[in-house]
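[1] The sequence isn't on hand, but the structure is:
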């Protein structure tokens, strides 16, 4: 039997990683995108975003690069994709709709409609995008109607669980593989695709369509709830004089609870968690079970409240007004080891302070170019030291390792006031206080 050939439709963050990983697993891969510039970039072995290890993986496999396996190529032609592939992965974006909570399915719909007419022989189409429950069934009917091969074209849903910053590892060594299928053929092909990680022990969960569609959103809702829970505890600790970091440590030892995602701070952001829980609420409403998810509205609201609270803390710290005050902000991305600034709490706080008259200077190890595009009016510096020069308060808002490793004495030599607000509870208060800093954080006693 000829080895499986794989295509990946949509080569953004998810698609580029998936395509490179499939080539690493030994498959011949063809990636498609409708943006020619993106295809040119990838074909030269470069990526449009920062993701540790991804460029190295591309360099190993992209055809035409010196010393590569040549297993990975890119195209803008759906015709070529249809002719080439046995298994087609759809990895396009499902952003939040403008002005509402629901998710925008237009990219997924367009990708399926463009691919279908070119499916002239048996093929498996696999959705990886995060979609509202019920989408797969609708898309399966659409494929059967539009594909010349008709019933020989099967659909499967295989949600992605990539963590930005660990995407390569998460694709090659997933902690679980979920496949929603309607027939044995789909399952058999996906067992072949994921044979290597399964042999290493990654569990496979085979489900129906609706369950597969719900898994990703359910997982993200749980994580969002966990983060908002500890942030709600931080609000209580602040009012009652407790220490949320010690509280989190104490409850985290209970293995039913676990320490991960229990770090209080300015809350979550990014292109997934906020969008996914909002789309989940919207879909529950359409299904008539919105009461099941009203708690997510509270999760969202606790999360958004953290940003405003950080701004208040900073305003109070500089004497009640930001006017004419110099503020250093360390961090622009929504999380470390990424250049993604989508719905970033750090940038949101920086922007609010700027709007209230503060002179804000931002530094981030990888997110500067993206931050400048979103907030061109903020000041930007090329290092933490430069950002802090002359500052009356320093805000630590994204927990990059580089910031944890800063020398408080060195930083203290360039600021006007040694005042640090830790929005991520990630710096060591004892070390900073020993260097003469006033250290404050949310949900922690003031010393």
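    Happy to help now that I have it. Predicted model, so just to flag it, every value in this text is computed and none were measured.
[2] Which parts of the stretch 151-300 of the chain are helices?
    When secondary structure is read from DSSP state H, counting those that start in this stretch, the stretch 151-300 of the chain shows helices at 167-172, 184-193, 195-199, 209-240, 244-252, 273-286, 294-317.
[3] Show me the one of those helices that comes nearest residue 434.
    With respect to residue 434, and counting by CB to CB, the nearest of these is helix 244-252 at 17.8 Å. Where you see a C-beta, it was placed from the backbone N, CA and C, and this is true even at glycine.
[4] which parts of the closest one are buried?
    By 16 or more other CB atoms under 10 Å, the buried positions in helix 244-252 come out as 244, 245, 247, 248, 251, 252.
[5] now, which of those sits nearest residue 204?
    Distances from residue 204 to these, taken by CB to CB, are shortest for residue 252, at 29.7 Å.
[6] Was I right to think that closest one contacts residue 263?
    No - here residue 252 lies out of contact with residue 263, judged by CB atoms under 8 Å, at a distance of 9.7 Å.
[7] So which of the helices of the stretch 151-300 of the chain is nearest residue 267?
    Between residue 267 and these, the shortest gap by CB to CB is with helix 294-317, which sits at 3.9 Å.
[8] following the closest one, which helix or strand comes up?
    The element immediately downstream of helix 294-317 (helix or strand, assigned by DSSP states H and E) is strand 326-330.
[9] on contacts alone, who are the packing partners of that following strand?
    When contacts are defined as 3 or more CB pairs under 8 Å, 6 or more residues apart in numbering; DSSP states H and E, strand 326-330 packs onto helix 345-355, strand 359-363, helix 384-388, strand 393-396.
[10] Kindly provide the whole-number mean pLDDT of stretch 128-144.
    For stretch 128-144, the mean per-residue pLDDT is 96.
[11] Next, report how far it is displaced from the centre of its chain.
    Here the centre of stretch 128-144 is set off from its chain's centre by 22 Å, with CA atoms, centre = their mean, to the nearest Å.
[12] Residue numbering should commence at 21 henceforth.
    Happy to do that; since the first residue is 21 now, the last one works out to stretch 148-164.
[13] ok, back up a step: check the helices and strands packed on strand 346-350 for me and report the most buried one.
    Using mean count of other CB atoms under 10 Å, the stretch among the helices and strands packed on strand 346-350 with the largest mean neighbour count is strand 413-416, at a mean of 28.
[14] Go ahead and name everything in contact with that strand.
    Strand 413-416 is contacted by residues 330, 334, 337-338, 345, 347-351, 369-370, 408, 423, 431, 435, 437, 439-444, 446-447 when judged by CB atoms under 8 Å, 6 or more residues apart in numbering.
[15] re earlier: take the buried residues of helix 264-272 and lay them out in JSON lines including distance to residue 247 and pLDDT.
    Converted to JSON lines, the buried residues of helix 264-272 look like this (distance: CB to CB, whole Å; pLDDT from 0 to 100):
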{"residue": "264", "distance to residue 247": "12", "pLDDT": "97"}
{"residue": "265", "distance to residue 247": "15", "pLDDT": "96"}
{"residue": "267", "distance to residue 247": "14", "pLDDT": "98"}
{"residue": "268", "distance to residue 247": "11", "pLDDT": "98"}
{"residue": "271", "distance to residue 247": "14", "pLDDT": "98"}
{"residue": "272", "distance to residue 247": "13", "pLDDT": "98"}
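[16] For residue 107, state which of those residues is nearest.
    The closest of the buried residues of helix 264-272, once distances to residue 107 are taken by CB to CB, is residue 272, at 40.6 Å.
[17] residue contacts, the closest residue to the closest one other than its chain neighbours?
    Closest residue to residue 272 apart from its sequence neighbours, by CB to CB, 6 or more residues apart in numbering: residue 279 at 3.2 Å. For residue 279, the contacting residues are 268, 269, 272, 273, by CB under 8 Å, 6+ apart.
[18] Repeat that for residue 77.
    Contacts for residue 77 (CB under 8 Å, 6+ apart) come out as 40, 41, 43, 44, 188.
[19] you'd agree it is in a helix?
    Yes - assessed by DSSP: H, G, I helix; E, B strand; the rest coil, residue 77 belongs to a helix.
[20] and the closest residue to residue 342 other than its chain neighbours, how many neighbours does it have?
    Spatially, and ignoring its direct neighbours in sequence, residue 342 is nearest to residue 378 (3.5 Å; CB to CB, 6+ apart). The tally of other residues near residue 378 (other CB atoms under 10 Å) stands at 25.
[21] Hmm, residue 345 and residue 378 touching each other?
    Yes - taking CB under 8 Å as the definition, residue 378 is a contact partner of residue 345 at 5.3 Å.
[22] shared neighbours of the two, which are they?
    Common neighbours of residue 378 and residue 345, counting by CB under 8 Å, 6+ apart, are residue 338.
[23] per-residue pLDDT, residue 292?
    88.
[24] I misspoke; the intended subject was residue 21.
    69.
[25] Next, residue 86: secondary structure please.
    Secondary structure for residue 86, judged by three-state DSSP, is coil.
[26] May I have the predicted confidence score for it?
    So residue 86 comes in at 95 (pLDDT).
[27] what does the one 3 residues further on give?
    Looking at residue 89, its pLDDT stands at 98.
[28] Against residue 39, how distant is the residue nearest to it when sequence neighbours are not counted?
    Nearest non-adjacent residue to residue 89, counting by CB to CB, 6+ apart: residue 81, 5.0 Å away. Distance, residue 81 to residue 39, using CB to CB, to the nearest Å: 9 Å.
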